[in-house]
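> turn this into a structure:
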Amino acid sequence: MANDPPETTMDAALRELFHHDDRVPFVYWREYTGTDTTVLLTAAVAVLAFVTGLSHFSQRDLAFDGPLAPLLPAEWVTVVPFGAVLLAFVLGGLAVGLRRRLRIAWYGTVLVLPLVVVLPLVTAEPTDVLLFVLSLGTFPLVVRNRTAFDQSLDLSPFQTAAIVAFVAGQAYGTIGAYRLRNFYTGIETWTDAFYYIVVTGTTVGYGDATPTSQGAKLFTLSAIVISTGTFAVASGSLIIPAIESRVSAAFGTMTASELALMEDHVVVLGYGDLTEPLVDELVATTDVVVVTADADTASALDEEDVNVLTADPTDEDALLDARIDVASGVVAATSDDAQDTLAVLAAREVNSDVRIVAAATDHGHVGKLERVGADEVISPSVIVGRRLGRSVLGDTDASDAETDATETSGTENGGDGNAT
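Next comes the predicted model:
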């Protein structure tokens, strides 16, 4: 307004303090609808489905009065009572995959969750209401956070071949048993054939389906060899790496899936007296991966919940495993300047753009570390010496910081590079 008094300095300060053009949300919904919540709810649905399935088993005469019950084929009626338990185990495995951000786990969850939603619509049991509500509410979160689950399933060529061979063996046995069903007792449908090959391949053999001709017996022998062999190889190819990862964790080594999640982190090459306080400082503000060849040190760091990779910090392949290509910074600060020089050289070869900071135990090695790729080199002995000199003269902390900046600038101009 034209008659309004001019704005004073106090008015301007109050307006800047209390007036905001941007809307401030009352609740940050993203904090409660992110990937962690999605994983937690999926696991909760799995647990609830398991409990619901057990309640179905406890009922002798389970009636199917739900709106979808008339659409259910008659032969599927016997499947419904333990269907919830089966889905619970599947969802539990998928929740573990979602925790690792696996894309294939997301696809599986999208397929299985609707089945969990449909189950209460078939049984219409009061105990299924909570399962229906929770699974129905979890599905939109899974869809919304689809971009966060982008990690591929890292299978070796041997694991892939073993799984394909196992599936092919099951298909061979099922199709063959069904085609020869006239020469078997107890095999009449595809379900019977699949049941027969599973119990035969796992060496259970209840004896309720037996061959009655020479050809069927020869086929059964081939199915036993193929099914048991492929089952053993496939299970071994998956279980052994899992055991190895547990052993590696016991010795303080991160698994490939854990390393795959690291990004914009700091890689510390080697571990010593200098890096111990450094790691304590960094872990409070950013993700850190320590690369050390010392198994005892790695185990001790793992007990302190520090990410550690037991490997040679001068090995370029080990640095790639530590995801140095997407790291925000690299530190080489052990007590061995020669080791640090090789580590800096390897890090610069792998990532030419990452910022590398090194510590030189011997001030004469500052130039060498800079020439092999360090962006900044700090000499602890020089810092300690200057600190001792200023302390004995009674300088204040403020003058110390000012003198540090002056001397650092003078050193840089004097030809020693970015050394302190």
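> check the gap between W190 and L111 for me.
21 Å (C-beta to C-beta, to the nearest Å). All C-beta atoms are positioned from the backbone trio N, CA, C, and that covers glycine.
> report all helices and strands that the biggest helix by length in the chain contacts.
The helix of greatest length in the chain, counted in residues with DSSP state H as the criterion, is given as helix 214-250. Applying 3 or more C-beta pairs under 8 Å, 6 or more residues apart in numbering; DSSP states H and E, we find helix 214-250 packed against helix 157-179, helix 190-201, strand 210-211.
> tell me, what's the model's pLDDT at G169?
Looking at G169, its pLDDT is 91.
> give me the nearest residue to it, chain neighbours excluded.
For G169, the nearest residue in space outside its immediate sequence neighbours is T230; the separation is 4.0 Å by C-beta to C-beta, 6 or more residues apart in numbering.
> just D287 next, same as before
Of all residues not flanking D287 in the chain, H265 sits nearest, at 3.8 Å (C-beta to C-beta, 6+ apart).
> close enough to count as contact, that neighbour and I324?
No. Using C-beta atoms under 8 Å, H265 is not in contact with I324, being 9.3 Å away.
> neighbour count winner among the two?
Relative neighbour count places I324 above the other of H265 and I324, with 24 against 21, counting by other C-beta atoms under 10 Å.
> list the contacts for that one?
V267, V330, A347, V350, N351, V354 (C-beta atoms under 8 Å, 6 or more residues apart in numbering).
> filter these down to the ones in helices?
Secondary-structure check on the contacts of I324 using DSSP H: residues within helices are A347, V350.
> please identify the helix or strand for G137.
Per DSSP states H and E: G137 is located in helix 129-144.
> can you dump the C-alpha coordinates of that helix into PDB?
The C-alpha coordinates for helix 129-144 follow below in PDB (Å, rounded to 0.1, in the frame of the first residue of the first chain):
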ATOM      1  CA  VAL A 129      -8.600 -60.100   7.400                       C
ATOM      2  CA  LEU A 130      -5.300 -58.700   8.700                       C
ATOM      3  CA  LEU A 131      -3.300 -60.600   6.100                       C
ATOM      4  CA  PHE A 132      -5.600 -59.200   3.400                       C
ATOM      5  CA  VAL A 133      -5.200 -55.600   4.600                       C
ATOM      6  CA  LEU A 134      -1.500 -55.700   5.100                       C
ATOM      7  CA  SER A 135      -0.700 -57.400   1.800                       C
ATOM      8  CA  LEU A 136      -3.000 -55.000   0.000                       C
ATOM      9  CA  GLY A 137      -1.300 -52.100   1.500                       C
ATOM     10  CA  THR A 138       2.200 -53.400   0.800                       C
ATOM     11  CA  PHE A 139       1.700 -53.900  -2.900                       C
ATOM     12  CA  PRO A 140       1.500 -50.100  -3.800                       C
ATOM     13  CA  LEU A 141       4.700 -49.500  -1.900                       C
ATOM     14  CA  VAL A 142       6.500 -52.300  -3.800                       C
ATOM     15  CA  VAL A 143       5.400 -50.700  -7.100                       C
ATOM     16  CA  ARG A 144       6.200 -47.200  -6.000                       C
END
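> who touches that helix?
Contact partners of helix 129-144, identified using C-beta under 8 Å, 6+ apart, comprise 33, 37-38, 41-42, 44-45, 48-49, 52, 84, 106, 109-110, 113-114, 116-117, 119-121.
> any idea how far the residue nearest the centre of the chain lies from V39?
Taking C-alpha atoms, centre = their mean, the centroid of the chain lies closest to R100, which sits 3.1 Å from it. To V39, R100 is 10 Å away according to C-beta to C-beta.
> one more: T341?
From T341 over to V39 the distance is 43 Å, taken as C-beta to C-beta.
> more neighbours: these two, which one.
V39 (25 against 21).
> looking at this protein, which helix or strand does the model trust least?
Lowest on mean pLDDT, DSSP states H and E among the helices and strands of the chain sits helix 397-411, with a mean of 44.
> give me the nearest residue to G66, chain neighbours excluded.
Excluding the flanking residues, the one nearest G66 by C-beta to C-beta, 6+ apart is A124, at 3.7 Å.
> okay, the one you found: pLDDT?
At A124 the predicted local confidence, pLDDT, stands at 77.
> look up phi and psi at it.
Torsion angles at A124 (phi, psi; degrees, to the nearest 10) stand at phi 60, psi 40.
> sketch out the low-pLDDT regions of this structure for me.
Within the chain, the ranges that satisfy pLDDT under 70 run 1-7, 10-31, 60-63, 74-78, 242-261, 395-420.
> redo that, cut-off 50
Along the chain, the parts satisfying pLDDT under 50 run over 251, 398-399, 401-417, 419.
> could you list the domains of it?
Residue ranges for each domain of the chain read 29-148, 157-250, 258-378, as given by automatic domain parsing.
> ranking these by mean neighbour count, which comes first?
The densest packing among the domains of the chain, expressed as mean neighbour count by mean count of other C-beta atoms under 10 Å, is seen in domain 258-378 with a mean of 19.
> so how far is A84 from F57?
Distance check for F57 against A84: by C-beta to C-beta, it reads 9 Å.
> give me the contact list for the helix or strand harbouring T42.
Using DSSP H and E, T42 sits within helix 35-57. Residues lying outside helix 35-57 but in contact with it, judged by C-beta under 8 Å, 6+ apart, are 62, 80-89, 91-92, 94-95, 98-99, 101, 109, 113, 116, 119, 123, 125, 127-128, 130-131, 134-135, 137-138, 141-142, 145, 148-149.
> could you rerun that using 7 Å?
By C-beta atoms under 7 Å, 6 or more residues apart in numbering, the surrounding residues in contact with helix 35-57 are 62, 81-82, 84-85, 87-88, 91-92, 94-95, 98-99, 109, 116, 127-128, 130-131, 134-135, 138, 141-142, 145, 148.
> understood, closing this out.
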